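Visitor: need the 3D shape of this:
(one chain, ligands or ions: 1)
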Amino acid sequence: MTFALGPRAISAGCKLAAFDQLGSTNVEAMLRARGGEGGPIWFVTAEQTAGRGRRQRAWIAPRGNLACSILEVMDVQPAVAATLGFAAGLALEAALQKVSVEAALRLGPQGPRYALKWPNDVLANGKKLSGILLEAEAIAGRLAVVVGIGTNVVAAPEGTPTPAVSLAALGVQIAAEELFAALSDAWVDFRGIWDNGRGFAEIRRLWLARAAGLGEPVAIRTGTATLEGTFDTIDDTGCLIVRSADGRRMPVTAGEVYFGDAASARAT
Ligand SMILES: O=C(O)CCCC[C@@H]1SC[C@@H]2NC(=O)N[C@@H]21
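Guide: Take a look at the predicted model:
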C-alpha cells in the first residue's frame with residue numbers, strides 16, 4: 001500500500017510521487033531532477049529505509065513517520081537557495097500547529113510547543129521532532145533544489161545527539177498523511193513569501209519570531225572546534241550570529257547547536 005493520501009491531499013501547482021517504500025526521498029528526487037524533471041514535485045513514502053540526515057548522518061524513519069521531499073528547479077545562486085530551508089521550517093511549523101489544534105485544546109499548557117532551531121530543525125517542548133535536509137545540484141544550467149523533511153510522527157530515535165520526541169509521545173494522535181497534507185498547503189504559502197530569495201527578509205522575521213534559544217547561551221560545534229557565546233540573531237544570508245563575551249559578532253555558516261547553561265558541556 002502506498003502513502004494513503006485523501007482526494008485533496010496536495011496543493012494545486014505541485015505534482016506528487018507517492019511510494020510504499022523508498023531508500024531516500026531526497027535521493028529519488030535528485031535522480032528525477034537529473035532525468036529532466038522540472039518540479040515542483042513532492043516525493044513521499046510510507047517507509048524510508050536509507051534516510052539521509054545532515055552531517056552525513058542516517059535518518060531513521062520507521063513506517064508511520066513522515067518522510068518527504070519537495071523538488072524545486074530554479075535560477076538562483078546556491079547561497080540563496082540555502083535560505084529556502086528557513087521557509088521550509090516555517091511551513092512545517094505552520095502545518096504542525098494546524099494538526100495539533102485538538103491536542104493543544106485538550107492538553108492546555110502540557111500540550112506541544114513548537115520552536116525552530118537553527119538551521120533547519122523543528123523542536124517540540126525542547127526536543128527534536130523534525131529535521132530538514134537541503135541538497136542542491138546544477139543541472140542543465142539551472143539549480144535543482146531538494147528539500148527533504150522528516151518528522152517523528154509515531155516514533156522517535158533514541159541516543160541521538162539532541163534528544164528526540166514524537167508527536168504521539170506529545171499526545172498528538174495524527175497520521176503522517178494528515179501532516180503531509182497540511183505541509184504541502186503551507187509550503188505553497190511560504191515558498192511564495194520566499195519568492196526566489198527576494199522575500200528572505202520577511203522569512204527571516206517570521207523565523208526569528210519562532211526561534212529557539214534566541215538571546216541565550218549557545219555552543220556550536222563545527223568539526224573539531226566549539227564556538228561559545230550568546231545566540232544574537234540570524235543575518236540576511238541565514239548565518240547564525242554568535243555574540244562573544246567580549247562583544248564580538250561571529251557569523252556561523254554550519255555546525256551543531258547546543259543551547260542553555262549546559263551548552264558548552266554538551267558540545268564537548
Ligand atoms: O539531519 C537532519 O536533521 C535532517 C534530516 C532530514 C530527513 C529527511 S526524511 C525525508 C528526506 N529524505 C532523506 O533521506 N532525508 C530527508
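Visitor: looking at this protein, which helix or strand is least sure?
Guide: Using mean pLDDT, DSSP states H and E, helix 263-267 stands out as the lowest-scoring helix or strand of the chain, at a mean of 53.
Visitor: in the stretch 101-250 of the chain, what residue lies closest to the ligand?
Guide: Relative to the ligand, the nearest point of the stretch 101-250 of the chain is G131 (2.2 Å; CB to the nearest ligand atom). Every residue, glycine included, has its C-beta placed from N, CA and C.
Visitor: can you name every helix or strand that the helix or strand where that residue lies contacts?
Guide: If you go by DSSP states H and E, G131 is part of strand 127-139. Where contact means 3 or more CB pairs under 8 Å, 6 or more residues apart in numbering; DSSP states H and E, strand 127-139 is packed against helix 25-34, helix 78-82, helix 84-99, strand 121-124, strand 142-151.
Visitor: tabulate the ones you listed (a markdown table), appending mean neighbour count and distance to C239.
Guide: Formatted as a markdown table, those follow (neighbours: other CB atoms under 10 Å; distance: least, CB to CB, whole Å):
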| stretch | mean neighbour count | distance to C239 |
| --- | --- | --- |
| helix 25-34 | 21 | 24 |
| helix 78-82 | 16 | 10 |
| helix 84-99 | 23 | 12 |
| strand 121-124 | 24 | 16 |
| strand 142-151 | 24 | 19 |
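Visitor: TSV for the ones you listed, including mean pLDDT?
Guide: Compiled in TSV, those are given as follows (pLDDT from 0 to 100):
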stretch	mean pLDDT
helix 25-34	98
helix 78-82	97
helix 84-99	98
strand 121-124	98
strand 142-151	98
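Visitor: okay, now V218: neighbour count?
Guide: Other residues lying near V218 total 25 when counted by other CB atoms under 10 Å.
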